[in-house]
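>>> What follows is a predicted protein model with its sequence.
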Number of protein chains: 2
Amino acid sequence: MPVGLRAIGQRSETVRRANLSAILRELHADGPASRSALVARTGLTRSAIGHLIGEFVAAGLVSEERAAPLGTPGRPSPLVRLESNRVGVIAVEIEVDTLAVAIVGLGGEVLDLLRVDRERTDIPVEDTAATVAELVSTVVRRPAAPDAIIGVGVAVAGVVRRTDGFVSMAPNLGWRDVPLGQRLVEALGLSLPITIANEADLGALAEHRRGAAIGVSDLLYISGEVGVGGGIITGGNQLTGAAGYAGEVGHMPVNPQGIACHCGSVGCWETEVGLDALLVRAGRQAGGGRSEAEAVVREAAAGGPLALQAIEEVGRWLGFGLAGLVNIFNPSLIVLGGSFTRIYPFVNEVVEHQLEHFALPAPRLPVRVVPATLGADASLIGAAELAFEPFLADPAHWLRSGAASSALASA
Amino acid sequence: MPVGLRAIGQRSETVRRANLSAILRELHADGPASRSALVARTGLTRSAIGHLIGEFVAAGLVSEERAAPLGTPGRPSPLVRLESNRVGVIAVEIEVDTLAVAIVGLGGEVLDLLRVDRERTDIPVEDTAATVAELVSTVVRRPAAPDAIIGVGVAVAGVVRRTDGFVSMAPNLGWRDVPLGQRLVEALGLSLPITIANEADLGALAEHRRGAAIGVSDLLYISGEVGVGGGIITGGNQLTGAAGYAGEVGHMPVNPQGIACHCGSVGCWETEVGLDALLVRAGRQAGGGRSEAEAVVREAAAGGPLALQAIEEVGRWLGFGLAGLVNIFNPSLIVLGGSFTRIYPFVNEVVEHQLEHFALPAPRLPVRVVPATLGADASLIGAAELAFEPFLADPAHWLRSGAASSALASA
């Protein structure tokens, strides 16, 4: 329920904008659809749909083809489809041990993807921005690139402000108070909007739109790496908080008698369930990252008792923290991403047991806990969705200004 | 940001409904306004405003009067005001030690209020519903009652499902799995919609619309009694979760080495910051409720060291838990309600200290922690807002069906 009493009135231009947006979102989410299906899904009249589709066709964003007759009497409804090679976005992922750049077409198709591994050392933001710029200039020149690039979306493993991409803290990248947004603007030299968000927020967005959580309005996406991130969707809205910092569930205090966290606090959830906690419990060095964690998982799969115990203990703390989040958010789905996807088969039972024990019965009952389905590319796919958002929200603006075509020249 | 890709298209009837709603919300929130002010605040044209106001005037919901000239040239814009004695709601609060019923007019004026104290024993839901029905039948017969009662809003100190008012757990009322909504429907015997929500959720709504948090989109309202409740507003929306159970921050685990909670878990936040924790630390019996807590506050105000220490310790745990919530929600404001309002002057410093120590710097920086301003009536005021919501969201429905007038007969 919206709690604010203010509501902005609607003029007819606002209505046209909202209706164009509704149609575009349908096609972007679900692919080609008949006019009849669009009538059913948007609630608009057939004639309104026809008129609005005409605008998209004239702009070259949408094509219509005669659908195969279904054996029912009457004229078959034409099939409306997006021209995915017309408009696209650049998606960027900045992780501790990997950098990725993709071009994604309207409709969500990944047209091209470059991923480079990085030594896990503290790489200055300027060098990171330069590498991103190189990768971007490579992909936009490839044949798969669409006619017009309309924006850049960036996923970063850090605490980031939405308005300007200022990274307050990304301890595993070695960054603190880094103007990532500004550095990327300088390095890319494109006159395109660049939007930056936390990787777990974008993982949640991706799993919600195209992964394990399609159609779910209340979900927690919890991603385990060295740090633990949360992407939270409540009532169909992404939880961003006042400045975009929300969802830092890794720094939820769960153990006042626990160990010091790099954030300066004590007993944060990620000190008990992050990769280092897993490695140390499995008798290995902290700092080994994903590859070492992978070795622990293999050891556990082969029945190694120390690895199994270590994973079990992580699962116990994972369930304990999730119980608190279930009581706070009353979600219907929890999606486990990152390293949690890998250990899910081993910890599934202990997590359920902890929820049974520590969560309130009412919110606990309807919750399902599932592994993520988009794998390592979740944040990248979410970054593309973030970059498409202004276009999806107000296609009228782009149709009017011809911004989509002019963006091409600058890309 | 809305993350769903589905958006419903808008027909002209939908637009009229939204515009009537926008005007009504303005008048309900801020009181009388000139047509010019409504033009500025809603973004609608002057002629649209005039037309829509005309509909409200015809239905007797709104009156217009010539405003005093402001010394500027031209015709003064007429002042539009709600007829607060035309339409109202019944607000009910069911607390452990008190029951309250109020009649609130459109615009938020409390026209009448009855409050009765209860012995703190486990009162069956049927008896509670019967007492509520008696109070309601008294207030609706009083001269202050408006022409038409359009709904009933109920605040209850428990974990409650929004759809039907089923109370899953209200330990301090001694209720578990109680169909409160159904019992109230039977006892009241009115053909009015009854909506039930958790008292802290409604406290948050009230403080947001008419208290300490007006204009704040991201806020936590944390209310301390025997249990600790949370009402959370993020991005201007109330966090309800999948079934309305969200916000049970009192059962966020903060201390795995802590004491058993009545919910069956261990080390829940309310075992460290609830009234009983305060009383036991102050050398008193648990179960003494608000009056005993008041005695501790008086003792502390007089410099009593044990009372001061007890309050300080509660403050330490309060800040520790708030730090986690700051990291999770990135709010710009935290409003402390219930007993926390009373101890605020004593714990303000230690809470700030704990936030400094345990919250991440980025989300911690912009947070202000303030006491609630609506006092003991916050939940009741929120219950009235809840009952008004369907009317505010779709006044067109009421204007069309004449439901407002017909409801009068049944009240």
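Received, thanks. Numbers count the residues shown, from 1 in each chain, chains lettered A, B, ... in the order given.
>>> rest of the way, CA atoms for contacts and neighbours
Noted.
>>> Check chain A for its longest helix and report it.
Longest helix in chain A by number of residues, with DSSP state H as the criterion: helix A:305-329.
>>> what's the angle from whichever helix or strand comes after that helix to helix A:305-329?
Along the chain past helix A:305-329, the next helix or strand (assigned with DSSP states H and E) turns out to be strand A:333-338. Counting by axes from the mean of the first three to the mean of the last three CA atoms, to 10 degrees, strand A:333-338 lies at 140 degrees to helix A:305-329.
>>> Strand A:333-338 - which strands sit beside it in the sheet, and in what orientation?
strand A:219-224 (parallel), strand A:368-371 (parallel) (DSSP bridges).
>>> count of residues packed around A:Ala58?
Other residues lying near A:Ala58 total 11 when counted by other CA atoms under 10 Å in any protein chain shown.
>>> what's the pLDDT at it?
We have a pLDDT of 89 for A:Ala58.
>>> Please apply the same query to A:Pro390.
What the model reports for A:Pro390 is a pLDDT of 92.
>>> helix or strand for it, which one?
Under the assignment here (DSSP H and E), A:Pro390 is part of helix A:378-393.
>>> That helix and chain B, are they touching?
No. Judged by CA under 8 Å from any CA of the partner chain, helix A:378-393 stays clear of chain B, getting no closer than 8.7 Å.
>>> And that helix, what does it pack against?
Using 3 or more CA pairs under 8 Å, 6 or more residues apart in numbering or on different chains; DSSP states H and E as the contact criterion, the neighbours of helix A:378-393 among helices and strands are helix A:12-30, strand A:87-94, strand A:98-105, strand A:148-156, strand A:194-198, helix A:199-210.
>>> between those, which gets the lowest average pLDDT?
Of all the helices and strands packed on helix A:378-393, the segment with the smallest mean pLDDT is helix A:12-30, scoring a mean of 88.
>>> so that helix versus helix B:12-30, what angle?
Comparing the axes of helix A:12-30 and helix B:12-30 via the same axes, to 10 degrees yields an angle of 110 degrees.
>>> A:Val226 in helix, strand or coil?
Per DSSP: H, G, I helix; E, B strand; the rest coil, the secondary structure class of A:Val226 is coil.
>>> now the strands for the stretch 51-200 of chain A?
Defined through DSSP state E, counting those that start in this stretch, the strands belonging to the stretch 51-200 of chain A, from first to last, are A:62-65, A:79-82, A:87-94, A:98-105, A:110-117, A:148-156, A:159-160, A:167-170, A:175-178, A:194-198.
>>> got a list of contacts for the first one?
Residues from elsewhere that reach strand A:62-65, judged by CA atoms under 8 Å, 6 or more residues apart in numbering or on different chains: A:Ile53, A:Phe56, A:Val57, A:Pro78, A:Leu79, A:Val80, A:Arg81, A:Leu82, A:Glu83.
>>> how many other residues sit next to A:Glu270?
Other residues within reach of A:Glu270, judged by other CA under 10 Å, total 28.
>>> you'd agree it is up against A:Gly230?
No. The pair A:Glu270 and A:Gly230 does not pass the contact test of CA atoms under 8 Å, sitting 11.1 Å apart.
>>> Now do the shared contacts for those two.
Common contact partners of A:Glu270 and A:Gly230 (CA under 8 Å, 6+ apart): A:Gly250.
>>> From A:Gly250, how far off is the nearest residue to A:Gly315 once chain neighbours are set aside?
Nearest residue to A:Gly315, sequence neighbours excluded (CA to CA, 6 or more residues apart in numbering or on different chains): A:Val347, at 5.0 Å. For A:Val347, the distance to A:Gly250 equals 18 Å [CA to CA, to the nearest Å].
>>> Those two: which has the busier surroundings?
A count of neighbours by other CA under 10 Å puts A:Gly250 above the other of A:Val347 and A:Gly250, at 25 against 21.
>>> Would you mind confirming that that one makes contact with A:Val226?
No. With the criterion set as CA under 8 Å, A:Gly250 and A:Val226 do not qualify as a contacting pair; they are 10.0 Å apart.
>>> where do the contact lists of those two overlap?
A:Glu270.
>>> Which residue is the nearest non-sequential neighbour of A:Gly203?
Nearest non-adjacent residue to A:Gly203, counting by CA to CA, 6+ apart: A:Ser379, 4.3 Å away.
>>> who touches that neighbour in this structure?
If you count contacts by CA under 8 Å, 6+ apart, A:Ser379 has them with A:Glu93, A:Ala155, A:Glu199, A:Ala200, A:Asp201, A:Leu202, A:Gly203, A:Ala206.
>>> Surely A:Arg183 and A:Asp127 touch.
No. Between A:Arg183 and A:Asp127 there is no contact, the gap being 9.6 Å when judged by CA under 8 Å.
>>> So which of the two has more stuff around it?
Neighbours of A:Arg183 and A:Asp127, each counted by other CA under 10 Å, are more numerous for A:Arg183; the result is 19 against 12.
>>> Show me which residues of the stretch 101-250 of chain A are close to chain B?
The stretch 101-250 of chain A comes close to chain B at residues A:159, A:168-169, A:205, A:208-209, A:215, A:217-218, A:233-249, as judged by CA under 8 Å from any CA.
>>> Among the residues you listed, name the ones in strands.
Among these, the members falling in strands (DSSP state E) are A:Val159, A:Ser168, A:Met169, A:Ile233, A:Thr234, A:Asn237, A:Gln238.
>>> which regions of chain A sit below the pLDDT cut-off?
Within chain A, the ranges that satisfy pLDDT under 70 run A:1-9, A:67-76, A:120-121, A:401-411.
>>> try 50 this time
Regions of chain A meeting the criterion pLDDT under 50 cover residues A:403-411.
>>> Just want the most central residue of it.
Computing the C-alpha centroid of chain A and ranking residues by CA atoms, centre = their mean puts A:Leu202 first, at 2.1 Å.
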